[in-house]
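1. Build me a structure from this.
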Amino acid sequence: MHDSTPESLPDPAGATDTRRAAQSPRRRRTVLLAGAAGLALITGLGVTGAAFAAGSSSLADGAAGSGASVTPTVVQAWGYSPYGSGQGGYGYYGSYGYDPSQSGGSSSGAGTGTSSTAATDAVPASAQQTAGVVTIVSDLPYQNARSAGTGIVLTSDGLILTNNHVVEGSTATEVTDETTGQSYTATVVGTDATHDVALLQLQDAQGLTTASLDTADAAQAGDAVTAVGNAEGTGNLVAATGSVLATGASVTTQSESGVKGETLDGMIQIDADIVSGDSGGPLLDSDGEVVGIDTAASSGSTEIVGFAIPISTALDIAAQIEQGVETDTIEIGYPGFLGVEVGSSRTASGAVVAGVIAGTPAADAGLAAGDVVTGVNGSAVASGDQLSSVLAGMEPGEQVVLTWVDASGTTQQATVHLANGPAA
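-> Have a look, this model is predicted:
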């Protein structure tokens, strides 16, 4: 995946203090829906199913601060629409996403309730706080959206650590080095959706300032911390101070649209005011070293509850990704992509094609909505879930023989080569 041989992961020493400071202080606000507070993954998104909220949050047995708990509900989350104009193009989006042709950030979610303007001060991040920090913007063309997040520089030739949900669904990603202001095209080296970690490689990068990482001393309850990130996708890094409430926390997320969520264990629970767009950014200790990756936070509550992945955990996963070996949770590079949306039917035996994306292998093969895929490489396919499962194990460029029944009842067959899919 790399244009050149990358450096080893990572040597955090030697981060410098040279960069441009964020331009101006801002006010952060949370969204309150029907008076219910919730937890949300904190990438800035304007996309169907992009608003995630926690179904539960608890501390692992024996964790510091044992006994504390959060009872969240499903809520909308603030998203990022680069197509909008009013209010800086920001709005809140629920499970139905948004229409990018509309100006401003319009509300089109399934949730109901009123929004709150409860706010706390956010300050521009200092040069020391933003050394080795990048901002990330990804294109999500199959959802007609873009996402904004944050990343951490691991090597001077451009290995970037971030959350999986920052780049999930993306086909193109641009990363800006906030030390120099220079932007780079990034490719996805690999992802781990189960643990919400992704590793990116910048093209033609060299001499980048790396982040200073603290892998020796794990965060402890009561520690002072600072969360740095691309809050609300503005491109200006800001810093939010707080303290560690507990370690070993577990968070289970789910989407408003019912999309399967994830359970993240061993998290650092904090009260720093982190919001959409901060995902993938550094959680700094009192020495200014990275102890975690900002990942999730409450939405709709004046009492902030945030969660970060310990940096040692994230680096272990990044090292496995860099080795290039896929596992049950790790996907190397981009997945193979057919280009169909599958539905369900009580009468058809097979994978019902609900839609076909233009310009994809499925469209080139002549598949159309209403067709039923009945076989892949000579093996029967009984459902949409089975088709998805079979294709998930295939790589871009792999040859696939598809068998399907069209709307007239005629059996068709074609050989296709899978394309590069959106990041898993």
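
2. hey, which helix is longest across this protein?
-> helix 311-323 (DSSP state H).

3. And that one, what does it pack against?
-> Under the contact definition 3 or more C-beta pairs under 8 Å, 6 or more residues apart in numbering; DSSP states H and E, helix 311-323 sits against strand 159-162, strand 183-192, strand 197-202, strand 290-299, strand 330-332. Every C-beta, even on glycine, is put in place using the N, C-alpha and C of the backbone.

4. Which positions within the last one qualify as buried?
-> So that's strand 330-332. Of the residues in strand 330-332, those scored as buried under the neighbour-count criterion (16 or more other C-beta atoms under 10 Å) are 330-332.

5. any chance of the residues you listed in a markdown table, with pLDDT and distance to residue 323 too?
-> Converted to a markdown table, the buried residues of strand 330-332 look like this (pLDDT from 0 to 100; distance: C-beta to C-beta, whole Å):
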| residue | pLDDT | distance to residue 323 |
| --- | --- | --- |
| 330 | 94 | 9 |
| 331 | 93 | 13 |
| 332 | 94 | 9 |
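
6. between the helices and strands packed on helix 311-323, which gets the lowest average pLDDT?
-> If you rank the helices and strands packed on helix 311-323 by mean pLDDT, strand 290-299 sits at the bottom with a mean of 88.

7. and that strand with strand 197-202, angle?
-> 120 degrees (axes from the mean of the first three to the mean of the last three C-alpha atoms, to 10 degrees).

8. between strand 290-299 and helix 311-323, how many degrees?
-> Orientation check (the same axes, to 10 degrees): strand 290-299 against helix 311-323 gives 100 degrees.

9. So which elements touch strand 290-299?
-> Taking 3+ C-beta pairs under 8 Å, 6+ apart as contact, the helices and strands that strand 290-299 lies on are strand 38-41, strand 52-59, strand 145-153, strand 224-229, strand 263-270, strand 282-284, strand 306-310, helix 311-323.

10. Please convert these to JSON lines, extending it with distance to residue 344, mean pLDDT and mean neighbour count.
-> Conversion of these to JSON lines gives the following (distance: least, C-beta to C-beta, whole Å; pLDDT from 0 to 100; neighbours: other C-beta atoms under 10 Å):
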{"stretch": "strand 38-41", "distance to residue 344": "27", "mean pLDDT": "51", "mean neighbour count": "30"}
{"stretch": "strand 52-59", "distance to residue 344": "24", "mean pLDDT": "28", "mean neighbour count": "22"}
{"stretch": "strand 145-153", "distance to residue 344": "25", "mean pLDDT": "94", "mean neighbour count": "29"}
{"stretch": "strand 224-229", "distance to residue 344": "39", "mean pLDDT": "96", "mean neighbour count": "25"}
{"stretch": "strand 263-270", "distance to residue 344": "26", "mean pLDDT": "92", "mean neighbour count": "22"}
{"stretch": "strand 282-284", "distance to residue 344": "42", "mean pLDDT": "98", "mean neighbour count": "31"}
{"stretch": "strand 306-310", "distance to residue 344": "34", "mean pLDDT": "95", "mean neighbour count": "27"}
{"stretch": "helix 311-323", "distance to residue 344": "34", "mean pLDDT": "97", "mean neighbour count": "20"}
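
11. nearest to residue 249, of the ones you listed?
-> For residue 249, the closest of these is strand 263-270, at 4.2 Å, according to C-beta to C-beta.

12. Pairing partners for that closest one, with directions?
-> strand 238-255 (antiparallel), strand 306-310 (antiparallel) (DSSP bridges).

13. now the strands for the stretch 51-200 of the chain?
-> If DSSP state E, counting those that start in this stretch is used as the criterion, the strands of the stretch 51-200 of the chain fall at 52-59, 69-70, 77-80, 90-93, 119-124, 133-140, 145-153, 159-162, 172-177, 183-192, 197-202.

14. go on, the stretch 301-424 of the chain?
-> For the stretch 301-424 of the chain, the strands defined by DSSP E, counting those that start in this stretch occupy 306-310, 330-332, 336-337, 340-343, 351-356, 372-376, 379-380, 399-405, 411-417, 419-420.

15. and these, which is most packed in?
-> With neighbours defined as mean count of other C-beta atoms under 10 Å, those peak in mean count at strand 306-310, which reaches a mean of 27.

16. Next, the angle strand 224-229 makes with that one.
-> Going by the same axes, to 10 degrees, strand 306-310 is angled at 90 degrees with respect to strand 224-229.

17. What lies in contact with strand 306-310?
-> Outside of strand 306-310, the residues that reach it under the criterion C-beta atoms under 8 Å, 6 or more residues apart in numbering are 39, 57, 163, 195-197, 218-219, 227, 242, 247, 249, 251, 264, 266-274, 283, 291-298.
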